[in-house]
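K.L.:
here is the input, now give the coordinates:
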Amino acid sequence: MSLSKKIVIFCQSYLTFINWENTVVQQIFNSREIQTVQRTITNLLKGKYRNAKDEKVNLPQTVKVMTGSCVTVPCSFDIEKKYEQNLNDNCEAIWRSRTTGDVAQLTDRNLQTGDLTNKNCTTTFSNMQLLDTKNYIFRLDCNNALKYNFLNADVKIEVTDNFPSPTLTPSTLKIKEGESVSLTCSAPAPCLPHPPTLIWTPKLGDIQETLQEKLDKTKFKTSVMNFTASHLHHEQKISCTAVYKKQDGVSKTLRSNLMLVKLHDKVINVFKMNPSGPVVKNSNVTLTCNSDANPAEKNYTWYRADGGQETVFGNGKILNIKVSSDMRNLFCKAVNEIGEGRSNLRHIDVPNPIKDVHYVNSAALTQAENHQANASTNLSYENVEETRECSGKIK
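P.N.:
This next block holds a predicted model:
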């Protein structure tokens, strides 16, 4: 006699001689549970519930759902090949709590099940409530000898009011100006008939949406936004909002935010000079190099371009110099950790002093001649601008 046969005979004997009114038994089970245990053991001994190695169900460990929404539990099963002929349209998917055993659960949740003849037991339950949070096992019940309790796995349906916010990737972003950027927003889609709506604020570029599947066959929705970075996006706050529509018509809104940090691929400089126009010889001039570098610039250097050479003549953001002659082709350069930038060329003009200019005041000379002066003495005066020659009569 085989060992398995001996075990069956033992169980039958144990079931026959067990005293279900024993105090110890009653301390473990209440009267309703005792009936369930008796019925379950009897069915097991009759072979009504088969759990062979070829009979298994594939379920996710946990499925989270928002209160008042529907939930889709992905499910598939395998059975012994000899029983596949018993699969028909009259087969029924029954879900039971792992703890309550023989009692069917969620029967009032408007079950919608996949094609059981193709071993697809995926089921959608409607209007889930907090009290529905349990671990469930799947039972296949056909109108023939095919009746299985799949005990190799169960699924925890977790109904919650605190549903997770959408996920933004990357969670932090540092970019260069002109660079192509791709942001992804994803959110769980536990209810396949009503997946969430994903909204970007602000909308910076093209958006593509897809419904994707995890390894455990649960679904999630993704939205990808592509755009080209510019200086306008520096420290821009971008948000992705997931809107879930419950079956009572109420919408639940969940939001995630991302701060966009811009990095320049080069430093942009502005060269300022005070005074800005021509200056007097030996004057003091202040040179300022302004940069919008991000990250901040590490140093500034001042150059004079002469032909094909560049000569350093100072360092620092602000440089004070004394100018004695023209300074041509000046520029500043700023450097940060990702690059450098240089300003446009500027010039400092120092005009030469105006030399003495002598000329005859013809109007004054004509007037003197008209008065027929008897004697004349040349009188002259001069300044840095001019010298005038005048005629007059001395008494």
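K.L.:
from residue 185, how far off is the most centrally placed residue in the chain?
P.N.:
Note on the chain: the residue nearest the mean C-alpha position is residue 168, at 3.3 Å, using C-alpha atoms, centre = their mean. From residue 168 across to residue 185, the span is 6 Å (C-beta to C-beta, to the nearest Å). For every residue, glycine as well, the C-beta is placed using N, CA and C.
K.L.:
between those two, what contacts are shared?
P.N.:
Here residue 168 and residue 185 share the contacting residues 240, 256, scored by C-beta atoms under 8 Å, 6 or more residues apart in numbering.
K.L.:
tell me who's in contact with residue 132.
P.N.:
Counting by C-beta under 8 Å, 6+ apart, residue 132 touches 106, 109, 125, 157, 159.
K.L.:
which of these fall in strands?
P.N.:
125, 157, 159 (DSSP state E).
K.L.:
neighbour-wise, which one of these leads?
P.N.:
Greatest neighbour count in these, by other C-beta atoms under 10 Å, goes to residue 125: 26 neighbours.
K.L.:
how much space between that one and residue 93?
P.N.:
From residue 125 over to residue 93 (counting by C-beta to C-beta), the distance is 11 Å.
K.L.:
between those two, which contacts overlap?
P.N.:
By C-beta under 8 Å, 6+ apart, residue 125 and residue 93 have these common neighbours: residue 111.
K.L.:
beta partners for the closest residue to residue 206 other than its chain neighbours?
P.N.:
Setting aside the residues directly before and after it, residue 206 is nearest to residue 226 in space (C-beta to C-beta, 6 or more residues apart in numbering), at 5.2 Å. Note on residue 226: beta-bridge partners by DSSP bridges are residue 182, residue 206.
K.L.:
again, but for the one 10 residues further on
P.N.:
The partner list for residue 236 in beta bridges (DSSP bridges) reads residue 260.
K.L.:
run through the strands of the stretch 151-300 of the chain in chain order.
P.N.:
Counting by DSSP state E, counting those that start in this stretch, the stretch 151-300 of the chain has strands at residues 167-169, 173-176, 180-188, 197-201, 206-213, 219-228, 236-245, 251-263, 269-274, 283-291, 299-306.
K.L.:
mind listing what's buried along the fifth one?
P.N.:
Same thing as strand 206-213. Buried residues in strand 206-213, counted by 16 or more other C-beta atoms under 10 Å: residue 207.
K.L.:
what does stretch 190-209 give?
P.N.:
190, 191, 192, 195, 196, 197, 198, 199, 200, 204, 207.
K.L.:
what's the closest of those residues to residue 88?
P.N.:
residue 192 (25.3 Å; C-beta to C-beta).
K.L.:
is it true that that closest one touches residue 71?
P.N.:
No. Using C-beta atoms under 8 Å, residue 192 is not in contact with residue 71; the gap is 9.1 Å.
K.L.:
residue contacts, residue 175?
P.N.:
181, 229, 233, 260, 261, 262, 263.
K.L.:
tally of neighbours for the fifth one?
P.N.:
Read that as residue 261. Per other C-beta under 10 Å, the neighbour tally for residue 261 reads 15.
K.L.:
tell me the pLDDT of the nearest residue to it once chain neighbours are set aside.
P.N.:
In this structure, residue 261 finds its nearest non-sequential neighbour in residue 174, 4.9 Å apart by C-beta to C-beta, 6+ apart. Residue 174 carries a pLDDT value of 79.
K.L.:
wouldn't residue 174 be in contact with residue 259 here?
P.N.:
No. If you go by C-beta under 8 Å, residue 174 and residue 259 don't touch, sitting 10.3 Å apart.
K.L.:
more neighbours, the two?
P.N.:
Remark: of residue 174 and residue 259, residue 174 carries more neighbours, 13 against 10, as counted by other C-beta under 10 Å.
K.L.:
how close does the more buried one sit to residue 136?
P.N.:
Using C-beta to C-beta, residue 174 is found at 46 Å from residue 136.
K.L.:
any stretches of the stretch 251-395 of the chain with poor pLDDT?
P.N.:
Residues of the stretch 251-395 of the chain meeting the criterion pLDDT under 70: 263-269, 353-395.
K.L.:
quick one, phi/psi of residue 317?
P.N.:
Backbone geometry at residue 317, expressed as degrees, to the nearest 10, gives phi -60, psi -40.
K.L.:
residues touching it, list them.
P.N.:
So residue 317 contacts 288, 289, 290, 300 (C-beta under 8 Å, 6+ apart).
K.L.:
which of those residues tops the neighbour count?
P.N.:
Scoring the contacts of residue 317 on neighbours with other C-beta under 10 Å, the highest-scoring entry is residue 289 at 24 neighbours.
K.L.:
which SS state does the residue lying closest to residue 281 once chain neighbours are set aside fall under?
P.N.:
The shortest distance from residue 281 to any non-neighbouring residue, by C-beta to C-beta, 6+ apart, is to residue 350 (5.3 Å). Three-state call for residue 350 (DSSP: H, G, I helix; E, B strand; the rest coil): coil.
K.L.:
number of residues surrounding residue 350?
P.N.:
For residue 350, the neighbour count with other C-beta under 10 Å is 16.
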